[in-house]
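Peer 1: with the input below, show me the fold.
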Amino acid sequence: MTRPERYERVLTISERVYKTLLKAYPKEFRDEYGPQMVRDFQDLCWEELERGGVAGFGPGSCNDRARGEEQWPSER
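Peer 2: Numbers count the residues shown, from 1 in each chain. From the prediction side, this is the model:
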């Protein structure tokens, strides 16, 4: 399936916002988990679009896994 052009812009902007938000995490965390969190965010957004949902940020956006909540290391 080819990615519709109209979604490319929305997803590009959403990805930029997501990467900016990741900067709030400590550098060590970003270095270890950041690239995988971005890939997961991208994958989940495309899955949402394929189901006919809304991808990106806002109501109906990609689920919490895309924001990394399941990937946070437990507090020590």
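Peer 1: CA only for contacts and neighbour counts going forward, please
Peer 2: Noted.
Peer 1: which strands and helices lie in contact with the longest helix seen in the chain?
Peer 2: Criterion DSSP state H: the longest helix present in the chain is helix 27-50. Judged by 3 or more CA pairs under 8 Å, 6 or more residues apart in numbering; DSSP states H and E, helix 27-50 is in contact with helix 5-22.
Peer 1: quick one: low-confidence parts of this protein?
Peer 2: For the chain, applying pLDDT under 70 flags the ranges 1-4, 54-76.
Peer 1: go again with 80.
Peer 2: Where the chain drops to pLDDT under 80, the residues are 1-7, 9-10, 49-76.
Peer 1: what's K23 sitting at in phi/psi?
Peer 2: phi -70, psi -10 (degrees, to the nearest 10).
Peer 1: mind checking how far the closest residue to it other than its chain neighbours is from V17?
Peer 2: Spatial nearest neighbour of K23, excluding adjacent residues (CA to CA, 6 or more residues apart in numbering): R30 at 7.4 Å. Distance of R30 to V17, computed by CA to CA, to the nearest Å: 15 Å.
Peer 1: between the two, point out the one with more neighbours.
Peer 2: R30 (16 against 13; other CA atoms under 10 Å).
Peer 1: thought that one was touching T20?
Peer 2: No. Contact criterion CA atoms under 8 Å: R30 and T20 do not qualify, at 11.2 Å.
Peer 1: Y18: neighbour count?
Peer 2: Residue neighbour count, defined by other CA under 10 Å, stands at 19 for Y18.
Peer 1: can you offset everything so residue one is 3?
Peer 2: Sure, I'll start counting at 3 from here, so that last one is Y20.
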